[in-house]
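Trainee: sequence and computational prediction follow.
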Amino acid sequence: KNQVEQSPQSLIILEGKNCTLQCNYTVSPFSNLRWYKQDTGRGPVSLTIMTFSENTKSNGRYTATLDADTKQSSLHITASQLSDSASYICVVNDYKLSFGAGTTVTVRA
Amino acid sequence: DAGVIQSPRHEVTEMGQEVTLRCKPISGHDYLFWYRQTMMRGLELLIYFNNNVPIDDSGMPEDRFSAKMPNASFSTLKIQPSEPRDSAVYFCASSFLAGNTGELFFGEGSRLTVL
């Protein structure tokens, strides 16, 4: 069983709307948790990093949260843009990286 | 820095042929990783190197796969003989202090199609 589960598998939203992606993990404790953005045909790029003790971290319109008690992280995209269309991958680092399968976001005009 | 550079970007070959994928990591990074990505399985770690030495190759599917890192600026992933089920996107990534922050810098990937 994968130690990092992401939901939903995919979603479609209208430009300008908000959305939230979920990441549930069993790895504990861990050093940090990252969200990566992967554009079609490109390699993943790090969006945010949170340590075990952090609750929230923002990067522009992207806000990641972490609840160590429930072992959940979320990535919130505010005022979505067409360029946000991508896969978003949650990665937990306990000195071995555990990858989620990703959520594919499609933003439509 | 130009980032992690992979070649070729696309490779189409026939079953049984040898495939060699190449990677140039970011200068100064001491970790290099090879990943395979498919729709079904997502990103899978194949092997990683630290200071040019293979550390963990437990993800290499079988003996048909081999990887080398002859120096700090070059690595290859070889598949011989290739099979249709090897069709995937292969990513190379590099990092420094991987055990600390764990940020990976990925190349653009090599899309392999085995007919």
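Mentor: Yes, it's here. Numbers count the residues shown, from 1 in each chain, chains lettered A, B, ... in the order given.

Trainee: okay, now residue B:95: neighbour count?
Mentor: Residues near residue B:95, counting by other Cβ atoms under 10 Å in any protein chain shown, number 24. All C-beta atoms are positioned from the backbone trio N, CA, C, and that covers glycine.

Trainee: so it bridges to which residues?
Mentor: residue B:31 (DSSP bridges).

Trainee: with residue B:42 instead?
Mentor: residue B:38.

Trainee: residues in contact with residue 88?
Mentor: Looking at chain A here, since you left the chain open. Counting by Cβ atoms under 8 Å, 6 or more residues apart in numbering or on different chains, residue A:88 makes contact with A:6, A:21, A:35-38, A:47, A:75, A:102-103, A:105.

Trainee: could you do chain B instead?
Mentor: B:36-38, B:111-112.

Trainee: nearest to residue A:64, of the residues you listed?
Mentor: Closest approach between the contacts of residue B:88 and residue A:64, by Cβ to Cβ: residue B:37, at 22.2 Å.

Trainee: and for the residue in chain A positioned nearest to chain B, the neighbour number?
Mentor: Closest to chain B within chain A is residue A:43: 2.9 Å, counting by Cβ to the nearest Cβ. By other Cβ under 10 Å, the residues close to residue A:43 number 22.

Trainee: emit the ChimeraX select command for whichever of the contacts of residue B:88 are buried.
Mentor: Command for ChimeraX that selects the buried part of the contacts of residue B:88, burial taken from 16 or more other Cβ atoms under 10 Å in any protein chain shown:
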select /B:36,37,111,112
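
Trainee: with pLDDT added, can I get the contacts of residue B:88 in a markdown table?
Mentor: Shown next, in a markdown table, are these (pLDDT from 0 to 100):
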| residue | pLDDT |
| --- | --- |
| B:36 | 97 |
| B:37 | 96 |
| B:38 | 93 |
| B:111 | 97 |
| B:112 | 98 |
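
Trainee: between the contacts of residue B:88, which is closest to residue B:15?
Mentor: Closest to residue B:15, out of all of these and judged by Cβ to Cβ, is residue B:112, at 12.0 Å.

Trainee: what helix or strand does that closest one sit in?
Mentor: Assessed by DSSP states H and E, residue B:112 sits inside strand B:110-114.

Trainee: counting contacts, what elements does that strand pack onto?
Mentor: Counting contacts by 3 or more Cβ pairs under 8 Å, 6 or more residues apart in numbering or on different chains; DSSP states H and E, strand B:110-114 is packed against strand B:10-13, strand B:19-24, strand B:88-95.

Trainee: highest mean neighbour count out of those strands?
Mentor: Counting by mean count of other Cβ atoms under 10 Å in any protein chain shown, strand B:88-95 has the highest mean neighbour count of the helices and strands packed on strand B:110-114, with a mean of 24.

Trainee: using PDB, write out every CA atom in it.
Mentor: Output in PDB follows, covering the C-alpha atoms of strand B:88-95 (Å, rounded to 0.1, in the frame of the first residue of the first chain):
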ATOM      1  CA  ALA B  88       7.500   5.300 -20.000                       C
ATOM      2  CA  VAL B  89       9.000   8.700 -19.300                       C
ATOM      3  CA  TYR B  90      12.300   8.400 -17.600                       C
ATOM      4  CA  PHE B  91      13.400  11.300 -15.400                       C
ATOM      5  CA  CYS B  92      16.800  12.200 -14.000                       C
ATOM      6  CA  ALA B  93      16.900  14.400 -11.000                       C
ATOM      7  CA  SER B  94      19.700  15.800  -8.900                       C
ATOM      8  CA  SER B  95      20.000  17.200  -5.400                       C
END
